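Visitor: generate coordinates for the sequence data below:
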Amino acid sequence: MAGVNLWLIWMQGLPLLLRESEQLNQQIAENLVNSLNQQFKQAETLSRDLANIAEVVPYDTAHYQRIFPHLMNFPGLQDLIAGGGIWPEPRRFDPARERRSFFWGRDSSGKLQYFDDYNNPQGPGYHREEWYVPARLQPGDHSYWSRSYIDPYSLQPMVTCTTPFHLDGEFAGVSTIDLRLEGVNALLQEKFRNRPGYAFVVDRNNKFIAFPDLTMVRVDSDFILASQLALFKPVFHPIADKLALLNHRDESLANRDTDSVKALAKAISDASNQIDLQEARVIAHNMGRLDENTPQLLTQFSTADDLLLREPVNVVIYGMPHTFWKIVSVFPVSETTRPAAGISRTVTWGSLASISLWGIIFAIFLWKVLFRRLDTMTAQVMQAAQENREIP
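Guide: Numbering: from 1, shown residues only. Next up is the predicted model:
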């Protein structure tokens, strides 16, 4: 009985508990993605509200300067929203001016300040920016999330949510909401504060957006790629390689798209000097997935060592809808195996104690009932044999 119990506990029960722990880690990671997604949906909704208002507000500088900064101070998102603006198509707001945008960014005190730098006629032009071109060329009215970048004028690391707006059925420009990456990182770490392990975020190109130790992933104020961190820290290679493999899969799918999607990709690449053809194909491919609203489990694996925890870990990678960011959650294996092993040990000692107790009770029962009767019968047989008589 003891052997059977030990086999059931350690060969059947423990693996089941470990699988349950891994599923719990997966659920924690999914809840984290959902929490982040809710925050980003608010930013996306705000960008859409700005676009809707831009469609009805008359072209008037005073109106724009009064209305749009007020809307960007959305309650509860001031630490996350770095700024935003309205970006009419060239010569749409003012036929005499090719560039007439309205952009506000937060200063060091957190107040929104107006920047006119994007309207510099000597500049590259906002209508060729990576966050502008896909929103202009996409077939629908979905919001587009940019890759991470350093704003050249506010000098803040950010990502941009861009929503197109139309006048008289024609594309007229975009509205944007910029998210401060430091705010994304603070939000992420707050969600993971009371849990073992940590989480980080990379954009669609595997460029870091959030990481527990920002000094490891920033060079000259800009964030690096996961592959670059692996060059500096080889222990990060397993995660970086897995992220690269996921991107390679997406690129392979994009290369097998229809001719219309490939034509859209070429148009995006031709219109922006910041987007090469391969990235444009991934962007065009993702535009067909903008109706997806559920986080997708991309992969789950284990590594023997970790950059921050310095022990074996389980890694769960989720894809976030709309942004196509990857949320990477890292859990120490010890925190997964320790509870399962503790439960197994408790059940083992409990079952062995129970078996021992019942064994003692059964032995006493046998001694008092069966063995004593057998002794009596044996004594009678021996006595009868000595007296040469039959047992009554």
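Visitor: what segments of this protein are helices?
Guide: 2-7, 14-54, 61-72, 133-137, 181-191, 226-232, 237-255, 259-271, 277-287, 333-365, 372-387 (DSSP state H).
Visitor: now residue 155: how far from residue 187?
Guide: According to CB to CB, to the nearest Å, residue 155 and residue 187 sit 21 Å apart. Heads up, the C-betas are built off the backbone N, CA and C, glycines and all.
Visitor: the two - which one has more neighbours?
Guide: Counted by other CB atoms under 10 Å, residue 155 and residue 187 do not tie: residue 187 has more neighbours, with 19 against 9.
Visitor: residues contacting the more buried one?
Guide: Residue 187 makes contacts with 36, 39, 80, as judged by CB atoms under 8 Å, 6 or more residues apart in numbering.
Visitor: can you tell me which of the helices of the chain is most buried?
Guide: Each of those was scored by mean neighbour count; the highest is helix 133-137, a mean of 24, by mean count of other CB atoms under 10 Å.
Visitor: distance from the chain centre to that helix, please.
Guide: Average the C-alpha atoms of helix 133-137, do the same for its chain, and the two points are 25 Å apart (CA atoms, centre = their mean, to the nearest Å).
Visitor: same question, stretch 181-190
Guide: With CA atoms, centre = their mean as the basis, stretch 181-190 stands 12 Å off its chain's centre.
Visitor: now it - C-alpha only, CSV.
Guide: C-alpha atoms of stretch 181-190 as CSV (Å, rounded to 0.1, in the frame of the first residue of the first chain):
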residue,chain,number,x,y,z
LEU,A,181,7.2,54.2,-22.6
GLU,A,182,8.2,55.0,-19.0
GLY,A,183,4.5,55.1,-18.2
VAL,A,184,4.0,51.7,-19.9
ASN,A,185,6.9,50.3,-17.9
ALA,A,186,5.5,51.6,-14.6
LEU,A,187,2.1,50.2,-15.4
LEU,A,188,3.5,46.8,-16.2
GLN,A,189,5.7,46.6,-13.1
GLU,A,190,2.7,47.7,-10.9
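Visitor: tell me the mean pLDDT over it?
Guide: On average, the pLDDT along stretch 181-190 is 80.
Visitor: still on that earlier bit, next, format the helices of the chain as TSV and append distance to residue 168.
Guide: Converted to TSV, these look like this (distance: least, CB to CB, whole Å):
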stretch	distance to residue 168
helix 2-7	76
helix 14-54	13
helix 61-72	19
helix 133-137	16
helix 181-191	37
helix 226-232	45
helix 237-255	34
helix 259-271	22
helix 277-287	24
helix 333-365	59
helix 372-387	107
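Visitor: of all the ones you listed, which lies closest to residue 326?
Guide: Residue 326 sits nearest to helix 237-255 of all these, at 6.4 Å, using CB to CB.
Visitor: so which elements touch that closest one?
Guide: Judged by 3 or more CB pairs under 8 Å, 6 or more residues apart in numbering; DSSP states H and E, the packing partners of helix 237-255 are helix 226-232, helix 277-287, strand 296-303, strand 313-319, strand 326-332.
Visitor: give me the distance between that helix and the centre of its chain.
Guide: Taking mean C-alpha positions (CA atoms, centre = their mean), helix 237-255 and its chain are 16 Å apart.
Visitor: ditto for stretch 261-275
Guide: Counting by CA atoms, centre = their mean, stretch 261-275 comes out at 28 Å from the chain centroid.
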